[in-house]
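1. sharing a model prediction with you, sequence too.
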Amino acid sequence: MKRKYRLEFKKMACELLNNYDNSPVRVAKELSVPIKTYEKWVQSFRKNVHCFDEEEVNFEVENKMLRKKIKEREETIEMLKKVYAFFTEKERL
């Protein structure tokens, strides 16, 4: 069963590692978090210390959704171009 962790918890866990020079294995064990999961959090945190802020997460989710919509619309445009080409070619014959 996959467990979900709150953003504040993730941020606090990453700060524990950075601020107190703990080992990742020790912190993960003390917090009862799988080490692979914890390593992913730390990696994200090191890239962007605001990655677990609520506004940052909402921005990323919205960005991902908008990119998906753009891709879908581009695919629709390509399909319509092919349909248009098919029917205009038929009319010429």
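-> Received the coordinates, thanks. Residues are numbered from 1 along each chain as shown.
2. quick one: the helices in this structure?
-> Secondary structure of the chain by DSSP state H: the helices cover 7-20, 24-31, 35-47, 54-92.
3. what's the neighbour count on Thr37?
-> The tally of other residues near Thr37 (other C-beta atoms under 10 Å) stands at 15. C-beta here means a position set from N, CA and C on the backbone, and glycine is covered the same way.
4. do you know how far it is from Glu8?
-> 16 Å (C-beta to C-beta, to the nearest Å).
5. same check, this time on Lys90
-> Between Lys90 and Glu8 the computed distance is 61 Å (C-beta to C-beta).
6. name the residue in these two with the higher neighbour count.
-> Taking other C-beta under 10 Å, Lys90 and Glu8 do not tie; Glu8 has more neighbours (11 against 8).
7. flag the shaky bits of this protein, pLDDT-wise.
-> The model of the chain has pLDDT under 70 over residues 1, 56-57, 93.
8. how much space is there between Tyr72 and Met65?
-> Rather than Tyr, residue 72 is Glu. Glu72 is 11 Å from Met65, by C-beta to C-beta.
9. please apply the same query to Val27.
-> On the measure of C-beta to C-beta, Val27 and Met65 end up 33 Å apart.
10. tell me which of those two has more neighbours.
-> Val27 (18 against 10).
11. what's near enough to touch that one?
-> Ala13, Leu16, Leu17, Tyr38 (C-beta atoms under 8 Å, 6 or more residues apart in numbering).
12. list phi and psi for Asp53.
-> For Asp53, the backbone dihedrals (degrees, to the nearest 10) come out as phi -80, psi 140.
13. Asp21 now?
-> Per-residue torsions, Asp21: phi 50, psi 40 (degrees, to the nearest 10).
14. repeat that for Val33.
-> phi -120, psi 140.
15. from what I see, it and Leu16 are in contact.
-> No. Between Val33 and Leu16 there is no contact under C-beta atoms under 8 Å: 10.9 Å.
16. what's the separation between Glu30 and Leu16?
-> Applying C-beta to C-beta to Glu30 and Leu16 gives a distance of 8 Å.
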